[in-house]
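Asks: give me the fold of what follows.
(one chain, ligands or ions: 2)
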Amino acid sequence: MIRGQCLCGAVQYQVNQTIELSILCFCQDCRQAQGSMFAWNSPIQKHSFQLLKGAESLKEYFHSSHKARVFCMNCASPIYSYRLDLPDILRLRLGTVTQGDLPAPVELAYTENQPDYLCIVSE
Ligand SMILES: [Zn+2]
Ligand SMILES: [Zn+2]
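Replies: Numbering: from 1, shown residues only. Ligands and ions are numbered 1, 2, ... in the order given. Below you'll find the predicted structure:
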């Protein structure tokens, strides 16, 4: 079982499925949203995501009209994103996971933004 929370702990969740695929995304939107070189995401089924606490602390931000980025209003931790045209899938931000096994990233996205000095072993 996977559990996680935002930095301040207002938002806590559990994922009732194993996570098999994790992705590093280097796109400019993810970099700005995370303030980081890349985002570490995993697609999960929406029905297996269970919010334990903090529904009132979650805020959705639409940078593009079809994609919501969902974060904690208090501490700004990104929790997940989802696309309006793929409503059954959430893209969990794996940096918020505090318990459970996570797989090494097997997929890289927007690698044209990946700096040469960052060497990531992939398949
Ligand atoms: Zn928080
Ligand atoms: Zn991205």
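Asks: from now on I want contacts and neighbour counts done on CA atoms only, so please keep to that.
Replies: OK.
Asks: now do the same contact list for the residue nearest to the spatial centre of the chain.
Replies: In the chain, the residue lying closest to the centroid (C-alpha atoms, centre = their mean) is R93, at 1.8 Å. For R93, the contacting residues are A39, W40, N41, S42, P78, I79, Y80, S81, by C-alpha atoms under 8 Å, 6 or more residues apart in numbering.
Asks: who in this structure is up against ligand 1?
Replies: The chain comes close to ligand 1 at residues C6, C8, A10, C72, N74, C75, as judged by C-alpha under 5 Å from the ion.
Asks: in strands, which of these appear?
Replies: Counting by DSSP state E, the part of those found in strands is C72.
Asks: up against ligand 2, what does this structure have?
Replies: Close to ligand 2, as judged by C-alpha under 5 Å from the ion, the chain has residues C25, C27, C30.
Asks: what pLDDT is listed against E123?
Replies: The model reports E123 with a pLDDT of 51.
Asks: repeat that for P87.
Replies: 92.
Asks: other SSEs contacting the lowest-mean-pLDDT helix or strand in the chain?
Replies: Least confident element among the helices and strands of the chain, by mean pLDDT, DSSP states H and E: strand 107-109 (a mean of 86). Other elements packing on strand 107-109 under the criterion 3 or more C-alpha pairs under 8 Å, 6 or more residues apart in numbering; DSSP states H and E are strand 23-25.
Asks: and the strand it packs on, which strands flank it?
Replies: In the sheet, strand 23-25 lines up against strand 39-45 (antiparallel), strand 107-109 (parallel) (DSSP bridges).
Asks: buried set for the last one?
Replies: Within strand 107-109, the residues that qualify as buried are L108, counting by 16 or more other C-alpha atoms under 10 Å.
Asks: now that strand, how far from the centre of its chain.
Replies: 14 Å (C-alpha atoms, centre = their mean, to the nearest Å).
Asks: and of the contacts of R93, the nearest to F49?
Replies: Y80 (10.2 Å; C-alpha to C-alpha).
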